[in-house]
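> 3D, please:
(2 chains)
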Amino acid sequence: MFTRLFAWTLLFGSLNAFASPVVDTYVANAHARYALALNGAVEIQKAVDAFLSDPTDETLHAARIAWTEARKPYTETEIYRFYGSPIDNESEGPEGLINAWPLDESYIDYVEGVPTSGFIQNPAGFPALTAEVLRDLNEKDGEDNISTGYHAIEFMLWGQDLYADSAGRRPVTDFTTAPFADRRRQYLQTLVDMLVGDLAWVTAQWAPNRPGNWADRMRQDPRALTQIFTGLVMLTGSELSGERMYVALESRGQEDEHSCFSDTTHLDILHDFLGIKNALVEDGLLELIRAADAAVAGEIDDALLIAERALRDILAPFDQAIVIDAGRVKVLYAIESLENLAEAIRQGGFTVGAEVH
Amino acid sequence: MILTFLYTFLFCFAWAGQVGGADPFTTPDRTRNAFGHPFPRLTREERRTFFVGNSFFKQNWVRAPSTTTARDGLGPTFNAVSCSACHSLDGRGPGADREGFPHVSLLFRIDKTVEYGAQLQPLAIEGVEREVRPDIRFTYTSGSFKDGEVYVLRRPDFTFTDWLLGAPLSHTRVSARVGNQLIGLGLLEAIPESEILARADPDDLNGDRSSGRAARVYDVKTGQLTLGRFGWKAEQPSVEQQSAAAFNGDIGLTSSLFPEQNCPAPQLACQQALPGGEPEVEPRVLEALSFYMRSIAVPTPRAPDDPDTAHGGRIFKALGCASCHHPSYQVDGVAIFPYTDLLLHDMGKGLADRALGGAWLDTEWRTPPLWGIGLIPTVNGHMNLLHDGRARGVSEAILWHGGEALRAREEYKRLTARERAQLVRFVESL
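Numbering: from 1, shown residues only, chains lettered A, B, ... in the order given. Below is the predicted model of the structure:
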């Protein structure tokens, strides 16, 4: 027993010394990546401002493009979830305000078959759609009752996707001449302002040279590597492959796909993966593992290659990919490749002293 | 240098200790997702089923007919539109946290009546009327610990107005219940029946003032009377039946176990509303959801080695808490620590359900498991305990104990402030 312990000590002491530059890189890149995500949100805000001051098909289209582009850097930051970092901070963490889904659209506005639903069309109950009101409404009386964040904005910009050959087709008139148009304008404006504010808060928590900043805390935390690997394994093996892909594959329903209104779920999936790859390759985690156990690192190399190929091969839009046989085979293969990747990353974590269950 | 070495050594020691103890049923997560993890020992296929079950747990059910056929059939009368409404993040609802119309996480059972069935429904789909409007008023009482410190307890009193078909008889019993955290249910289900029965002592033959009665309940699947394990009164024998009963009683959904719509005969609009399939909860959905409910990991204890926590643990034993909150069992050769005996105990008049007319009735409650409760504030943003959420924290919950636990409560009141804090800390660490 003592010999084993002593061996661990030697191994670990040395690995720990190597780990710290990797943690430094990880936290510095985290700040930079959140800054990109924030920048994307600011671009949505500009485009929505332009749309609301001059609502036309063109300005609506531009807002949709801005949203689609902004999702890419944001999903690449989802590796920073699942271990209590600022996005999931227990008292103030705004993840539920930023990216909650699935979203019951009838909680917000009219839907097919229920023309009067949603708090937008209930000015008596909710006279002003302010940030404070929306914060209270978010996840109120059910995890599906989402009133804020990317997917609420997505629903406002696209509306329900009732079409096999396109995304949602919310008409511009919903914001001009339709009943409750002014409420939709107010709601959309509040949503984008909140998104920018919440992402700015998260970004600031990761900024260096700020008293009590998260980056410094993580650098000094002996469990930093465990946290890092927890985020990677949870995103790869549970959130992405399970909640966001397998559930949709099983149900064949677009209500279970991540960005169902805009038909951009395939991009969410790919950029979640690219975030995982970034942390392993760019931040130096993979090289750290290679120094400890080259064979395990080789398995991660292979798993990354296979998963990336499988994910890029998923048919778009995702709501069709999970329905037609040719698409389903590829989605299932991609899920399996991510499950394999998660297992390889977990093994990689063990080699550097990060125990993730 | 020496310090660095020492530090590394200690760190390794802690870590090496965990290697051997990789637990198949627990999670080290301390964040707001702490109640949302699958058992680590699940296979890949089982994990997929877990995620599918989770999606049906979170999602809102909608009224039939709807294009989302797997998710329609809400009501016609109901208490909530999803499981997660009352068990947000697989945690605990706040219950009676305010006066006025109750939070969705609270439901009301009654003695079965022809007009209303066995549960009152405060909500209904369009075109159907709700059964009743519940209201909460608080009554505050105060007392003091032996050291003179004063405490205040908050008792919710429930009144009902707007009865759809008139008020039931005044001796009809009403019981408010809150949605509980859902960790480790599969482990509670797996405790051998013989072990639970061995702890039952309905006539208190061993003279420890704690009786412990095993609930005998109807198992819908087998048609047999069997041991009740789940629910505030241990009224359900299995996770599956508990889930199906909640679908039926709380959301208004039929399933293979409860194929009847929850619409008492006199409620015509309810009777005539369109169903969302027969049954509304498809068998594969009930299966996935039940699997999910059985497979949620239990958070590992927090700070078990802290001296205050350890001392709190000794007080817990000395006060006799452990005679009902039985610490540990073996499941599949692994020790689990739920701190319950799953038996019914007389908890005194203070916690008793009351009749509509106000009389005290039915003082028995199942010992609730204590594991994980210290994480409720993190997951759910409150610490409202007991069956209706009346207790604001562990200390108040202890002070509500009566009946068989009267002596333990009185001894708790004689502790010093420091000892009380240590006991609470221990309970919150489990």
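> and the residue in the stretch 101-250 of chain B positioned nearest to chain A, how many neighbours does it have?
For the stretch 101-250 of chain B and chain A, the shortest gap (CB to the nearest CB) falls at residue B:104, measuring 4.6 Å. Bear in mind the C-beta positions are built from the backbone N, C-alpha and C, glycine included. Counted with other CB atoms under 10 Å in any protein chain shown, residues neighbouring residue B:104 total 22.
> residue contacts, it?
Contacts of residue B:104 were listed using CB atoms under 8 Å, 6 or more residues apart in numbering or on different chains, and they are A:141, A:142, B:79, B:80, B:85, B:86, B:93.
> got it, and residue A:37?
Counting by CB under 8 Å, 6+ apart, residue A:37 has contacts A:70, A:73, A:74, A:76, A:77, A:199, A:203.
> picking that back up, ok, of the contacts of residue B:104, which one's closest to residue B:166?
Closest approach to residue B:166 among these (CB to CB): residue B:79, at 20.8 Å.
> residues contacting the closest one?
Listed by CB under 8 Å, 6+ apart, the contact partners of residue B:79 are B:86, B:104, B:107, B:119, B:121, B:122, B:123, B:249, B:250, B:251.
> quick check: pLDDT value at the fifth one.
Read it as residue B:121. With respect to pLDDT, residue B:121 has a value of 95.
> from the contacts of residue B:104, which is closest to residue A:291?
Using CB to CB, residue A:142 comes nearest to residue A:291 of the contacts of residue B:104, at 47.5 Å.
> and that closest one, which helix or strand is it part of?
Residue A:142 belongs to no helix or strand when assigned by DSSP states H and E.
> what do you get for residue B:102?
Assigned by DSSP H and E, residue B:102 falls within no helix or strand.
> what sits against it?
B:95, B:96, B:122, B:134, B:135, B:136, B:158, B:176 are the contacts of residue B:102 under CB under 8 Å, 6+ apart.
> show me which of the residues you listed are buried.
B:95, B:96, B:122, B:134, B:135, B:136, B:158, B:176 (16 or more other CB atoms under 10 Å in any protein chain shown).
> who's in contact with the second one?
It refers to residue B:96. Per CB under 8 Å, 6+ apart, neighbours of residue B:96: B:102, B:103, B:106, B:136, B:138, B:156, B:176, B:178, B:384, B:388, B:389, B:390.
> what's the separation between residue A:216 and residue A:207?
Taking CB to CB, to the nearest Å as the measure, residue A:216 falls 10 Å from residue A:207.
> cool, residue A:254 as well?
The gap separating residue A:254 from residue A:207 is 38 Å, by CB to CB.
> who has more neighbours out of these two?
Set side by side, residue A:254 and residue A:207 show more neighbours around residue A:254, with 23 against 13, by other CB under 10 Å.
> thinking again about what came up before, drop anything exposed from the contacts of residue A:37.
So, by 16+ other CB under 10 Å, the buried ones in these are A:70, A:73, A:74, A:76, A:77, A:199, A:203.
> just put those residues in a markdown table and tack on secondary structure.
A markdown table is the format used below for those (DSSP: H, G, I helix; E, B strand; the rest coil):
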| residue | secondary structure |
| --- | --- |
| A:70 | helix |
| A:73 | helix |
| A:74 | helix |
| A:76 | coil |
| A:77 | coil |
| A:199 | helix |
| A:203 | helix |
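> dump the residues you listed to CSV, plus distance to chain B and pLDDT.
Formatted as CSV, the buried ones among the contacts of residue A:37 follow (distance: CB to the nearest CB, whole Å; pLDDT from 0 to 100):
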residue, distance to chain B, pLDDT
A:70, 25, 98
A:73, 23, 98
A:74, 19, 98
A:76, 21, 98
A:77, 17, 98
A:199, 19, 98
A:203, 20, 97
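> tell me which other helices or strands the helix or strand harbouring residue A:290 touches.
In the assignment (DSSP H and E), residue A:290 maps to helix A:285-292. Secondary-structure packing of helix A:285-292 (3 or more CB pairs under 8 Å, 6 or more residues apart in numbering or on different chains; DSSP states H and E): helix A:2-53, helix A:294-312, helix A:325-351.
> and residue 230, what are its phi and psi?
You didn't say which chain, so I picked chain A. Dihedral pair for residue A:230: phi -60, psi -50, per degrees, to the nearest 10.
> please go with chain B instead
phi -120, psi 160.
> on that earlier part again, just the buried residues of the helix holding residue A:290, please?
Residues A:285, A:286, A:288, A:289, A:290, A:292 are the ones in helix A:285-292 that count as buried (16+ other CB under 10 Å).
> just the closest of those residues to chain B, please.
Using CB to the nearest CB, the buried residues of helix A:285-292 come closest to chain B at residue A:292, 14.5 Å.
> for residue 283, give me its contacts.
Since no chain was named, I'll use chain A. By CB under 8 Å, 6+ apart, the contact list for residue A:283 reads A:22, A:25, A:26, A:29.
> wait, chain B was what I had in mind.
Contacts of residue B:283 (CB under 8 Å, 6+ apart): B:255, B:256.
> and residue B:239, by the same measure?
Contact analysis of residue B:239 by CB under 8 Å, 6+ apart lists B:185, B:186, B:189, B:230, B:290, B:293, B:294.
> and for residue B:201, the neighbour number?
The local packing of residue B:201 (other CB under 10 Å) involves 18 other residues.
> and the closest residue to it other than its chain neighbours, how many residues sit next to it?
Nearest residue to residue B:201, sequence neighbours excluded (CB to CB, 6 or more residues apart in numbering or on different chains): residue B:212, at 5.1 Å. Residue B:212: 24 surrounding residues under other CB under 10 Å.
> look at residue B:212 and report its pLDDT.
In this model, residue B:212 carries a pLDDT of 90.
> pretty sure residue B:152 sits in a helix.
No: under three-state DSSP, residue B:152 sits outside any helix and is assigned strand.
> wait, what's in contact with it?
Counting by CB under 8 Å, 6+ apart, residue B:152 makes contact with B:140, B:141, B:142.
> for residue B:158, see how far away it is.
20 Å.
> before we move on, the earlier item: and the contacts of residue B:152 near chain A, which?
Counting by CB under 8 Å from any CB of the partner chain, nothing from the contacts of residue B:152 sits close to chain A.
> narrow those to those in strands?
Applying DSSP state E to the contacts of residue B:152, the entries found in strands are B:140, B:141, B:142.
> perfect, that will be all.
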